[in-house]
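Participant: Take this sequence and fold it.
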Amino acid sequence: MIGPRRLLPSMPALLALEAVDRLGTVSAAAAEMSLTQGAVSRALKGLEGQLGVVLFVRERQRLRLTPAAQDYVRQVRASLTAISQASLRLRANPGGGGLSLAILPAFGVQWLAPRLPAFAQAHPGVTVNLSTRLRPFDFAAEGFDAAIHFGRPDWPGAEHLLLLEEEVLPVCAPDLLPRPLGAVEEVLAMPLLQLESRPGAWGRYLAQQSVPGQRPVGMLFDQFATMTQAAIHGLGVALLPLFLIEEPLRQGTLVAAWPARGRGLGSYYLVWPRDVPPRPPLIAFRDWIAAQVA
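Facilitator: Here you go, the predicted model:
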């Protein structure tokens, strides 16, 4: 329920407050908002009068918010962001049914994207909007309905649905492996490829194959996609999640350097905020993707 309307400021006043806080001067805020300095000053003075609180302290040519006003503007900025995101979703889906989903690049492209046409066919009224996010974030601030999370079920304040437990396999170009390896240790004599964010992946895999205590070095990559291409072009052996390499293995552009699979660092989850009632598009997507992984 909305509070007393006498304490509900106008949108121009809130936009002026946010802009002055961010830019530091009335002139800069006026230029960004395409208003005169006088119009911005009147909006701020009217806001102070409506709230009955002094919001600014003037320091030379800049305005500094009081500590209480700084707390206030943080909440205002989050609300303005939420309103903007809601407006974008409405414009993109005037009939309703928009779902904003934050994805991880590799998982989103290789695992989720090929399955989305089936979801669109089953739920033609839901439009899925995808954006990349690499780390957990505040759902309220970012405006997403749900996200794909890798690791453990530890996203603060979120519900988790397990999608895939990661398995990895050492692979390389066929020309790099003229004969099958006789033992897993022989992979250490080959050029190895590693992901920057998983420096201990090879040692972990070898320990799972009863070869502990190894910390091999190799060429570093910042993305699975570039490391996969490097392996395809013969630069070395890459330890890659199975869902990323199903097609290259099927086509024969990659082969298993050693046939045993290993356990990855974590699992993939669909997560959504626990304290917000899920909207119908999210419920439809959650139920559909749960059936996909059942």
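Participant: Could you pull up the contacting residues of the residue most central in space within the chain?
Facilitator: Taking CA atoms, centre = their mean, the centroid of the chain lies closest to R133, which sits 1.9 Å from it. Residues near R133 by CB atoms under 8 Å, 6 or more residues apart in numbering: 102-104, 142, 144, 147. The C-beta positions use only the backbone N, C-alpha and C, and glycine is treated the same way.
Participant: H160 now?
Facilitator: H160 is in contact with 149, 153, 269-271, counting by CB under 8 Å, 6+ apart.
Participant: Widest-spaced pair of the contacts of R133?
Facilitator: Greatest spacing in the contacts of R133, by CB to CB: L104 and E142 (14.8 Å).
Participant: what about A140, neighbour count?
Facilitator: A140 has 15 neighbouring residues, counting by other CB atoms under 10 Å.
Participant: Contact partners for it?
Facilitator: A140 sits next to 78, 82, 273 when contact means CB under 8 Å, 6+ apart.
Participant: Pull out the buried positions in the host helix or strand of it.
Facilitator: In this structure, A140 sits in helix 139-142 according to DSSP states H and E. In terms of neighbour count (16 or more other CB atoms under 10 Å), helix 139-142 has its buried residues at 139, 142.
Participant: tell me the average confidence for the following helix or strand past that helix?
Facilitator: Next along the chain after helix 139-142, taking DSSP H and E as the criterion, comes strand 146-151. Strand 146-151 shows a mean pLDDT of 96.
Participant: what packs against strand 146-151?
Facilitator: strand 98-103, strand 158-172, strand 262-273, helix 280-293 (3 or more CB pairs under 8 Å, 6 or more residues apart in numbering; DSSP states H and E).
Participant: okay, the angle between that strand and strand 262-273?
Facilitator: Taking axes from the mean of the first three to the mean of the last three CA atoms, to 10 degrees, one finds strand 146-151 and strand 262-273 inclined to each other by 150 degrees.
Participant: Please identify the pairing partners of strand 146-151 and their relative orientation?
Facilitator: strand 98-103 (parallel), strand 262-273 (antiparallel) (DSSP bridges).
Participant: Now do the first one and helix 280-293, the angle between them.
Facilitator: In terms of direction (the same axes, to 10 degrees), strand 98-103 departs from helix 280-293 by 50 degrees.
Participant: now the closest residue to V211 other than its chain neighbours: how far from V57?
Facilitator: Once flanking residues are discounted, V211 sits nearest to E185: 5.6 Å by CB to CB, 6 or more residues apart in numbering. Remark: distance between E185 and V57 (CB to CB, to the nearest Å) = 68 Å.
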